[in-house]
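Novice: Sequence and computational prediction follow.
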Amino acid sequence: MKNNVKAVVFDLDGTLLDTAPDFEVVLNRLRAEQSLPPLDSLAIRNTVSNGARALVTLAFGLDEGDEGFEALRQRLLDLYLDHLAVASAPFPGIDSLLTFLRDNNLSWGIATNKPELYTTPLVNALGLSPDCVICPDHVQNRKPDPESMHLAARLLDCHVEDIIYVGDHQRDIDCGRNAGCVTIATRYGYINDVAEVASWQATHIVDHASDIIPLVKQYL
């Protein structure tokens, strides 16, 4: 068993925070602007981790490059910026997990594909105090490239092998594995098929954020 883990880094949407409720509001508001009925909440939740482009495709059946796609994507982002911390909240168990990390002198951070424009106000509005926040704005190559984890190691003053990376998408696990991190896949996030998580080759899989604490203890 690997010892001396120094930090835990989280993906944001679907791992650290349940942001789907705000996306449900703004995506259905955008559909209403186009005289369309609201979408099912579950369909939206299962798409949130794939970003704004995937949400536009879900809501309007358009692909990137199609006429009107970019205008709808930008309108969605504008609506989201005005509604990004209304109903979003940490997943159950996250608050206790973060307290555990602080109590054990472990750093924690965020590595997300969500642009800084939306990440920073969301994190601030929810009163979170991560030791580092890494967005696509801060790297040349976004996840699944391992660059985010290498940057996290520098910012957290540890070796990349001393980081546990937690995520709800295969790109998160690929990012962590490619960097040499311990990886934890979360089945409580925005996942279409929980059975597919086993194929991601994460070091560990959890069904609840509280399951992460005993795993971290194994590496102390």
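Specialist: Now that the structure is in, tell me what you want to look at. Numbers count the residues shown, from 1 in each chain.
Novice: Quick check, residue 27 in contact with residue 55.
Specialist: Yes. Residue 27 is within contact range of residue 55, at 5.5 Å (criterion: C-beta atoms under 8 Å). In this view, the C-beta of every residue, glycine as well, is placed from N, C-alpha and C.
Novice: joint contacts of the two?
Specialist: Common contacts of residue 27 and residue 55 (C-beta atoms under 8 Å, 6 or more residues apart in numbering): 44, 76.
Novice: which regions of this protein lie under the pLDDT threshold?
Specialist: By pLDDT under 70, the weakly predicted segments of the chain are 1-3.
Novice: Tell me how it divides into domains.
Specialist: Using automatic domain parsing, the domain parsing of the chain gives 7-18+88-217, 20-81.
Novice: In CSV, list the ones you listed along with mean neighbour count.
Specialist: Conversion of the domains of the chain to CSV gives the following (neighbours: other C-beta atoms under 10 Å):
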stretch, mean neighbour count
domain 7-18+88-217, 19
domain 20-81, 16
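Novice: Using PDB, list the CA coordinates for the host helix or strand of residue 8.
Specialist: In this assignment (DSSP states H and E), residue 8 forms part of strand 7-10. The C-alpha coordinates for strand 7-10 follow below in PDB (Å, rounded to 0.1, in the frame of the first residue of the first chain):
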ATOM      1  CA  ALA A   7      -3.200  16.000  -0.900                       C
ATOM      2  CA  VAL A   8      -6.600  15.100  -2.300                       C
ATOM      3  CA  VAL A   9      -7.700  16.800  -5.500                       C
ATOM      4  CA  PHE A  10     -11.300  16.700  -6.700                       C
END
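Novice: C-terminal to the strand or helix carrying residue 30, what's the next element?
Specialist: Residue 30 is part of helix 20-33, with elements assigned from DSSP H and E. In the C-terminal direction, the helix or strand that comes right after helix 20-33 (DSSP H and E) is helix 41-45.
Novice: For that next one, give me every contacting residue.
Specialist: With C-beta under 8 Å, 6+ apart, helix 41-45 has contacts from 20, 23, 24, 27, 28, 55, 58, 190.
Novice: Would you tell me what the next helix or strand after it is?
Specialist: Assigned by DSSP H and E, the successor of helix 41-45 is helix 51-60.
Novice: Output the contacting helices and strands for that following helix.
Specialist: helix 20-33, helix 41-45, helix 69-81 (3 or more C-beta pairs under 8 Å, 6 or more residues apart in numbering; DSSP states H and E).
Novice: Show me the one of those helices that comes nearest residue 194.
Specialist: helix 41-45 (13.0 Å; C-beta to C-beta).
Novice: which residues in this protein form helices?
Specialist: 20-33, 41-45, 51-60, 69-81, 94-103, 116-125, 147-156, 170-179, 212-217 (DSSP state H).
Novice: could I get those as JSON lines with distance to residue 141?
Specialist: Output for the helices of the chain, formatted as JSON lines (distance: least, C-beta to C-beta, whole Å):
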{"stretch": "helix 20-33", "distance to residue 141": "25"}
{"stretch": "helix 41-45", "distance to residue 141": "28"}
{"stretch": "helix 51-60", "distance to residue 141": "16"}
{"stretch": "helix 69-81", "distance to residue 141": "22"}
{"stretch": "helix 94-103", "distance to residue 141": "27"}
{"stretch": "helix 116-125", "distance to residue 141": "16"}
{"stretch": "helix 147-156", "distance to residue 141": "5"}
{"stretch": "helix 170-179", "distance to residue 141": "10"}
{"stretch": "helix 212-217", "distance to residue 141": "27"}
